[in-house]
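*Asks:* predicted model follows, preceded by the sequence.
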Amino acid sequence: MSSSRFISGNGYLQHFVFFLKVGPGEVDDELEDEVGSECAKYGTVTRVLIFEITDPNFPAEAAVRIFVQFDRSEETTKALVDLEGRFFGGRMVKATFYEEEKFSKNELAPMPGEIPGF
């Protein structure tokens, strides 16, 4: 899958967005396809990556991160605006752009201080 590269001035690759949709232990084999299908209505999805934190002491509402890469920055922005604040599985979606450098290095876990108490 190809992707155009549009990097905003703040170092964020505007093709990436992550959101919380499920709780720990709820990630199944269909989730990646479900997310890709849901996000495809905003544009061409080139990659879906699910990152689950398995530490039992980690807050459940932040334990699953789903990263979605779109082909164009406009598609990412459209998805981010529409998905932010929606509810999936009883959880509110938190959507944001993600830094290209961190994503390319597979640095997907929360950074120190990003999640209160961790």
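*Replies:* Nice, thanks for sending it over. Not measured: the values here are computed from a predicted model.

*Asks:* got any ranges where this protein has weak pLDDT?
*Replies:* For the chain, residues meeting the criterion pLDDT under 70 lie at 1-21, 89, 116-118.

*Asks:* quick check: phi and psi on residue 59?
*Replies:* Here is the backbone geometry of residue 59 (degrees, to the nearest 10): phi -60, psi 130.

*Asks:* ditto for residue 66
*Replies:* phi -120, psi 120.

*Asks:* cool, and residue 87?
*Replies:* Residue torsions, per degrees, to the nearest 10, at residue 87 are phi -110, psi 130.

*Asks:* how near is the residue lying closest to it once chain neighbours are set aside to residue 71?
*Replies:* Computed as CB to CB, 6 or more residues apart in numbering, the closest residue to residue 87 that is not its neighbour in sequence is residue 93, at 7.1 Å. Every residue, glycine included, has its C-beta placed from N, CA and C. Noted for residue 93: a distance of 21 Å to residue 71, by CB to CB, to the nearest Å.

*Asks:* and what of residue 55?
*Replies:* 34 Å.
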